[in-house]
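Colleague: need a structure here:
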Amino acid sequence: MKLQKNTLVLIAVALSMTGLVALFEMQVSPKQEAAKEEKQKIFAFNSDRIQFFTVKTPEKILTFERVYATKGGKSSWEMKLPVQAHASQASVDFLLDRLATGKSDRTINITAAQLAEFGLDQPQATVTVKLDNQETHRLVLGKTDFSGRFLYAQANPPEAPPQNSAQNLPVLLVPFDFKNAVQRPLSEWKKAEEPKTEKPQKPSPTPSPENK
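Modeller: Sure, this is the predicted structure:
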């Protein structure tokens, strides 16, 4: 009888533990997962808030500005430098979507003295965006990692190099397609010109018999 009572107590404890685990998975675990996802995001803004951006590479500097046909209406993008032209919406969207939704695979800490090893002392590209509230954000892209799938990057690094070379700096591993988003020939940043359609020529009037 005593054995049966102990068995019932153990069963009750086991059921309670099962209930606690289920409660944890339903309530706590999703919150932790959401926090983990949020930490992986590079930036916390939406692409439609970007009003101006610059792409700086060793070869050139390009600047773009969002323009509106009417206040509060549909917008488009204009290239301001190195030439003034209508921008390719597809090329702009490709970059801005990655800035707004891109996630870092992981973060590593390096010292300021190691920046050159990761290509971040002389980056292959630096993207600077200005939001509708005048906030600015920067993404600095360095070398490709050993796997060839990611780029080393810094999000909003300090403007001036750290004075202490031993200072720890966070470095992100961001998707390789960031390189495709910034390393474009100038022609791909411009809106493609619509082919000109030639007006059909009017046939010459046929002379009447009287005019022959």
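Colleague: now the strands for this protein?
Modeller: 50-56, 61-68, 75-81, 85-86, 107-111, 125-131, 136-144, 150-155, 168-175 (DSSP state E).
Colleague: quick one: strands adjacent to the second one?
Modeller: According to DSSP bridges, strand 61-68 forms sheet pairs with strand 50-56 (antiparallel), strand 75-81 (antiparallel).
Colleague: just the fifth one next, same as before
Modeller: Partner strands for strand 107-111, per DSSP bridges, with pairing direction: strand 168-175 (antiparallel).
Colleague: okay, the partner strand in CSV with CA atoms only?
Modeller: Provided in CSV are the C-alpha atoms of strand 168-175 (Å, rounded to 0.1, in the frame of the first residue of the first chain):
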residue,chain,number,x,y,z
ASN,A,168,37.4,45.1,-28.6
LEU,A,169,35.2,45.8,-31.6
PRO,A,170,32.2,43.8,-32.7
VAL,A,171,32.4,42.4,-36.2
LEU,A,172,29.3,40.9,-38.0
LEU,A,173,29.2,38.1,-40.6
VAL,A,174,26.6,39.3,-43.1
PRO,A,175,25.4,37.5,-46.3
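Colleague: now that strand: buried residues?
Modeller: The neighbour-count check on strand 168-175 (16 or more other CB atoms under 10 Å) flags 169, 171-175 as buried. Every C-beta, even on glycine, is put in place using the N, C-alpha and C of the backbone.
Colleague: how about TSV for those residues, with pLDDT and distance to residue 114 added?
Modeller: Shown next, in TSV, are the buried residues of strand 168-175 (pLDDT from 0 to 100; distance: CB to CB, whole Å):
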residue	pLDDT	distance to residue 114
169	92	8
171	96	9
172	96	15
173	96	15
174	96	18
175	95	22
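Colleague: now for residue 192: which residues touch it?
Modeller: residue 88 (CB atoms under 8 Å, 6 or more residues apart in numbering).
Colleague: how far away is it from residue 55?
Modeller: 19 Å (CB to CB, to the nearest Å).
Colleague: quick revisit: quick one, which of the strands paired with strand 61-68 is nearest to residue 154?
Modeller: strand 50-56 (13.9 Å; CB to CB).
Colleague: now the closest one against strand 136-144, angle please.
Modeller: Here strand 50-56 points in a direction 30 degrees away from that of strand 136-144 (axes from the mean of the first three to the mean of the last three CA atoms, to 10 degrees).
Colleague: centre of the chain to strand 50-56, how far?
Modeller: 12 Å (CA atoms, centre = their mean, to the nearest Å).
Colleague: quick one: low-confidence ranges for this structure?
Modeller: Flagging of the chain using pLDDT under 70 yields the residue ranges 1-39, 72, 194-212.
Colleague: repeat the analysis, applying 50 as the threshold.
Modeller: The model of the chain has pLDDT under 50 over residues 1-3, 20-25, 28-38, 212.
Colleague: helices of that one, start to end?
Modeller: 2-23, 29-40, 89-101, 177-182, 186-189 (DSSP state H).
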